[in-house]
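S.K.: Here is my input, please return the structure:
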Amino acid sequence: MSSHGSFPGSRPRRLRVNPVMRRMVAETRLHPADLILPAFVREGISRPAPVSTMPGVVQHTLDTLRKAAAEAVAAGVSGIMLFGVPEAAKKDATGTAGTDPDGILQTAIRAVKAEVGDELLVMSDLCLDEFTDHGHCGVLDADGRVDNDATLERYAEMAQVQADAGVHVVGPSGMMDGQVAVVRDALDTIGKEDVSILAYTAKYSSAFYGPFREAVGSSLKGDRKTYQQDPANVREALRELALDLEEGADLVMVKPALPYLDILARIADEVNVPVAAYQISGEYAMIEAAAEKGWIDRDAAILETLTGIKRAGASVILTYWATEVAEKL
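M.R.: Numbering: from 1, shown residues only. Model (predicted):
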């Protein structure tokens, strides 16, 4: 207490007195280099196709994808994560379009690499769900279950064709047991030891993936609960983390971001590799929809969520707002 009786001697508000003071003492800073732009590229379209559930996001043509990559570079974004959407007729039980050197994803990797070279990290989704007619992230066995080890063989092949196309970073996102080790071995076998692995370490079975399914034209019936993590579990994520690190992950990721900030913080405390978080389609859609109704301030909400994700421990954030936010920063 001060000599004035009941007035406070410590006044934390002094450090909030004006914008310059607040900026000086800010403990968390967002930077364009923290951001990665996920992007969809679709085969067989002549103009970009809007994703109705994600206002402002499109399925790109190869030309508009190149343009988006160049804009990301200009804004200071670090990477672009590519998802390929093949023509429906090319989907089959084993996702062969995903390992065709001339498939849409490999073509997109080459196109973006030709456009931006090493100025932007070209990253690719290493998963079969976009390419299978059943929409699962792997090959199915006779009983219709995802066959873990048969799927790993497909991932090994995918890693190699993506690396041959010039990718910098692969993101094995299917949550198969042993996927990081198999991908690492497949890359090293063909002399691609410089290609990094962004491990989808804690990928939860989330209700917030809904809009993404439209964005990639998913054929999925049923759910992915036998391979994606149960939202109730924490220790399971730490077990996955230990395995991914042991298998050679270069970066580890938590997905989704906002409903799993506690997991993100736990993992960030445990590791000495960079930690990524993916602000997914449903997180994006909620803010865009509420802002469209005039219920929240869009720009402030975007920055607040990204700051929260960084504050929780992410050094890298995948967000559909990457380029827009980087330009504003």
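S.K.: Just the buried residues of the helix-or-strand element of the chain with minimal mean pLDDT, please?
M.R.: Taking all helices and strands of the chain together, the one with the lowest average confidence (mean pLDDT, DSSP states H and E) is helix 210-215, at a mean of 74. Using 16 or more other C-beta atoms under 10 Å as the burial criterion, the residues of helix 210-215 that qualify are 210, 211, 212, 214, 215. (C-beta placed from N, C-alpha, C; glycine too.)
S.K.: Same check on stretch 186-197?
M.R.: Within stretch 186-197, the residues that qualify as buried by neighbour count (16+ other C-beta under 10 Å) are 186, 187, 192, 195, 196, 197.
S.K.: quick revisit: helices or strands next to the least confident helix or strand of the chain in the packing?
M.R.: helix 281-292 (3 or more C-beta pairs under 8 Å, 6 or more residues apart in numbering; DSSP states H and E).
S.K.: Give me the residues contacting the helix it packs on.
M.R.: Applying C-beta atoms under 8 Å, 6 or more residues apart in numbering, the external contacts of helix 281-292 come out as 53-57, 206-212, 215, 256-258, 296-298, 301-302, 305, 319-321.
S.K.: got it, and stretch 40-50?
M.R.: For stretch 40-50, using C-beta under 8 Å, 6+ apart, the contacting residues are 51, 57-62, 64-65, 82-87, 90, 104-105, 108, 215-217.
S.K.: And the helices in the stretch 151-300 of the chain?
M.R.: 179-189, 210-215, 235-246, 261-270, 281-292, 298-311 (DSSP state H, counting those that start in this stretch).
S.K.: other SSEs contacting the third one?
M.R.: Under the contact definition 3+ C-beta pairs under 8 Å, 6+ apart, helix 235-246 sits against strand 196-203, strand 251-255, helix 261-270.
S.K.: Just put those in CSV and tack on mean pLDDT and distance to residue 97.
M.R.: Putting those into CSV (pLDDT from 0 to 100; distance: least, C-beta to C-beta, whole Å) gives the following:
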stretch, mean pLDDT, distance to residue 97
strand 196-203, 95, 21
strand 251-255, 97, 24
helix 261-270, 97, 33
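S.K.: if we can go back for a sec, so what touches the least confident helix or strand of the chain?
M.R.: Residues lying outside helix 210-215 but in contact with it, judged by C-beta under 8 Å, 6+ apart, are 40, 51-54, 57, 59, 83, 85, 218, 220, 280-282, 284-285.
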